[in-house]
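S.K.: Got a sequence here, can you build the structure:
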Amino acid sequence: MQSIQFLRHQAPVCVRISRVVLVCVLPLFGYAQQLPTTPQPQCALATPGKCAAQLTRDQKGIFTSPLHLRKKDLVWLAPVAAATGAAFAFDHAALQHVSTDPSRVNNFRMASNLTGIYVPVAGAATALLAGTIRHDEHLRETGALSMEAMIDTQLLTTFIKFGTDRARPSATGLTSTSGSFWPNGQHSSAADSFPSGHTANAFAVAHVIADEYPGWKVKLAVYSLAAATGFERVAGREHFPSDVLVGGAVGYLVGGYVFNHHSSRSKTHISFAPMIGHGGAGVSLQISRPN
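M.R.: All right, here's what the predicted structure looks like:
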């Protein structure tokens with residue numbers, strides 16, 4: 001069994017701190033999607049400043065969400081943690097069965113770029129533009145939230161990649177450092193395997209679209225495309241199975257967070273507000289549901 005070690009003694013202090021944050025944030029930040037606030041006015045093509053402010057709020061909410069952890073979240077947290085641990089244990093064995101044929105590897109890599117980047121970006125941009133032109137608010141919202149989910153996902157995965165610094169598998173086989181975290185105890189810009197950004201991106205958009213258009217055919221289509229992206233990233237020898245598993249979980253949770261916080265179709269909205277008056281102070285809790 002391949003051992004996985006974090007070489008702490010040579011890592012900068014700021015990176016050590018980021019690792020601790022990652023250990024807490026990665027499995028827990030998705031909990032924030034269960035406590036959505038009242039949707040804020042959405043960004044639009046003509047209001048880039050509002051878009052930037054909304055993205056800032058998203059990042060703050062995502063990174064502070066571990067504060068909202070509850071015991072019942074272990075129902076989903078424990079299986080995810082167990083599956084991730086199992087994936088780590090079999091990462092190298094799994095890659096031994098993946099073809100190293102240059103043509104095959106290259107084809108899967110190109111396919112993953114198509115399903116994990118080009119199609120989601122083109123689809124979100126088209127929905128945003130078409131919805132704006134046709135005054136179709138539902139379509140416009142879907143495009144806007146899909147774009148927002150992708151940006152939020154990329155910001156988070158970039159932070160995780162920097163904090164874990166995992167070496168990718170080689171296209172021609174596994175090297176002595178493949179799969180290692182902080183190989184040789186030094187940060188490398190090329191060691192960005194964990195998690196899979198393509199997979200995270202695909203699942204983030206899939207979750208937004210599936211919630212905006214909750215028909216089974218739409219869900220089957222978007223989640224199949226996202227799952228295909230994860231498979232292609234492993235078959236293209238860009239990532240290990242654990243990278244894809246965690247990437248998919250990250251994208252799914254971020255997509256749900258964005259939908260629940262900003263969609264007009266989110267089923268439950270919870271907001272807190274301070275109350276001061278008559279010599280006292282308190283906090284009001286408002287829970288609203290669509291009729």
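S.K.: Please name every helix or strand in contact with the helix or strand hosting residue 210.
M.R.: Secondary-structure element containing residue 210, defined by DSSP states H and E: helix 197-212. Under the contact definition 3 or more CB pairs under 8 Å, 6 or more residues apart in numbering; DSSP states H and E, helix 197-212 sits against helix 119-134, helix 137-164, helix 216-235, helix 241-262. Just so you know, the C-beta spots here come from the backbone N, C-alpha and C atoms, and that holds for glycine as well.
S.K.: again, only using 6 Å
M.R.: When contacts are defined as 3 or more CB pairs under 6 Å, 6 or more residues apart in numbering; DSSP states H and E, helix 197-212 sits against helix 137-164, helix 216-235, helix 241-262.
S.K.: what ranges of this protein fall below the confidence cut-off?
M.R.: In the predicted model, the chain carries pLDDT under 70 at residues 1-51, 59-74, 76, 186-190, 267-291.
S.K.: now residue 172, nearest residue through space, not along the chain?
M.R.: Closest residue in space to residue 172, ignoring its immediate chain neighbours: residue 100 at 5.3 Å, by CB to CB, 6 or more residues apart in numbering.
S.K.: let me redo that: residue 223
M.R.: Spatially, and ignoring its direct neighbours in sequence, residue 223 is nearest to residue 206 (5.2 Å; CB to CB, 6+ apart).
S.K.: Surely that neighbour and residue 221 touch.
M.R.: No: assessed by CB atoms under 6 Å, residue 206 is found out of contact with residue 221, at 8.8 Å.
S.K.: Tell me which of those two has more neighbours.
M.R.: residue 206 (27 against 15; other CB atoms under 10 Å).
S.K.: residue contacts, the more buried one?
M.R.: Residue 206 makes contact with 222-223, 226, according to CB atoms under 6 Å, 6 or more residues apart in numbering.
S.K.: Report the separation between it and residue 251.
M.R.: Counting by CB to CB, to the nearest Å, the separation of residue 206 from residue 251 is 8 Å.
S.K.: can you check residue 181 too?
M.R.: 21 Å.
S.K.: repeat for residue 192
M.R.: 16 Å.
S.K.: more neighbours, those two?
M.R.: residue 251 (34 against 21).
S.K.: can you tell me which residues contact that one?
M.R.: Residues in contact with residue 251, defined by CB under 6 Å, 6+ apart, are 153, 200, 203-204.
S.K.: just the residues you listed now: which is nearest residue 112?
M.R.: residue 200 (12.3 Å; CB to CB).
S.K.: tally of neighbours for the closest one?
M.R.: Residue 200, neighbours per other CB under 10 Å, totals 33.
S.K.: Now do the contacts for the residue lying closest to residue 140 once chain neighbours are set aside.
M.R.: Nearest residue to residue 140 in three dimensions, chain neighbours excluded: residue 131, at 2.8 Å (CB to CB, 6+ apart). Counting by CB under 6 Å, 6+ apart, residue 131 touches 139-140, 143.
S.K.: mind listing the helices for the stretch 1-150 of the chain?
M.R.: 13-28, 48-64, 74-95, 102-113, 119-134, 137-164 (DSSP state H, counting those that start in this stretch).
S.K.: and the angle for the last one with helix 241-262?
M.R.: Spelled out, that is helix 137-164. 140 degrees (axes from the mean of the first three to the mean of the last three CA atoms, to 10 degrees).
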